[in-house]
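1. dropping a prediction and its sequence here:
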Amino acid sequence: MTGFPCREGWSFHLDRTNHSGTVRIDAAWLDPAHKGVWKYPGNEIALRYTAAIKEKQSKLVGSSGPRAKPGYLSKGIVGQDESYVIAVNQHLLGTRFRSLNGISQIPTACEVLFAVGPQQLHLDRTTGVAIDQDHAHRPSILKSAASLVPADCFFDPDYAPVSAVLALDLVLDKFVTPDDDHQLMQEHLSALVYNPYAANPITPRWLSAQTHWSARVVSGTIEVQPF
């Protein structure tokens, strides 16, 4: 494995079990002021994921229009037959909750890649009794009164060059601060979300993670499951 810094974070190139790929780690972060009672910023975190993923996807495939720029693929930085994984460190998003899960109770990365919304109950109109439970379909996230951000990236053919997204809660202090009493976080959280429509998919568990997720469409229903 080789790694090198860039303006937006770090890039790592891996060759493992006859499979090569590139992992891009996003280093941008939010720093909200936590004072008194505050709500979990689920939408804000989800929007940060979409921005980070979109930025790295654009750098991979390039952009068109008046300000067109070639991407890593056309430049030969990433091979046409290589996998490409985007890593997002949620620990740098400035939240107090140490969890990768969003309002759906599954990783936020799944929410923005597979259009997963909050949990919902289906009630019997006559009795009011809950008869089923699932997740709402949320293909976009409201950013402002007149702006919706897509939240179904892996169903977009433009994202086929992206093989997976690695969501992390990487505690950077563990790498630079003595921790003889083991008071810092004991482990780094991670969830690897696979693109079922990737042009160059990675094999399951090619990268290590605590949980692994993918999705499939069955009879018009999106099924997102760990495996």
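-> That came in fine, so what should we check first?
2. tell me the mean pLDDT for whichever strand or helix holds Ala46?
-> Secondary structure assigned from DSSP states H and E places Ala46 in helix 42-61. Mean pLDDT, taken over the full extent of helix 42-61, equals 92.
3. list the helices and strands it packs on?
-> In terms of contact count using 3 or more CB pairs under 8 Å, 6 or more residues apart in numbering; DSSP states H and E, helix 42-61 is assigned the packing partners strand 19-26, helix 72-75, strand 83-89, helix 108-114, strand 140-144, strand 147-150. C-beta coordinates here come from the backbone N, C-alpha and C atoms, glycine included.
4. put the alpha carbons of the third one into CSV.
-> Yep, that's strand 83-89 we're talking about. Coordinates of each C-alpha in strand 83-89 appear next as CSV, following Å, rounded to 0.1, in the frame of the first residue of the first chain:
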residue,chain,number,x,y,z
SER,A,83,-11.6,-0.2,-8.3
TYR,A,84,-12.1,3.2,-6.6
VAL,A,85,-13.2,3.6,-3.0
ILE,A,86,-14.2,6.8,-1.3
ALA,A,87,-13.5,7.0,2.5
VAL,A,88,-15.3,9.6,4.7
ASN,A,89,-14.2,10.1,8.3
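5. which neighbouring elements make contact with that strand?
-> Secondary structure elements in contact with strand 83-89, counted by 3+ CB pairs under 8 Å, 6+ apart, are strand 19-26, helix 42-61, strand 164-169.
6. what angle sits between the last one and strand 83-89?
-> Strand 164-169 runs at 20 degrees relative to strand 83-89, counting by axes from the mean of the first three to the mean of the last three CA atoms, to 10 degrees.
7. as a whole number, average confidence for strand 164-169?
-> Across strand 164-169, pLDDT averages out at 93.
8. with the first one instead?
-> Strand 19-26 shows a mean pLDDT of 63.
9. quick one, what contacts the most centrally placed residue in the chain?
-> Taking CA atoms, centre = their mean, the centroid of the chain lies closest to Ala109, which sits 3.4 Å from it. Ala109 is in contact with 49, 88, 100, 165, 167, 191, 193, 213, counting by CB atoms under 8 Å, 6 or more residues apart in numbering.
10. could you list the low-pLDDT ranges of the protein?
-> Within the chain, the segments meeting pLDDT under 70 span 1-39, 92-97, 171-187.
11. which of the helices and strands packed on strand 83-89 sits closest to Glu82?
-> The minimum distance between Glu82 and these falls on strand 19-26, with 5.3 Å, by CB to CB.
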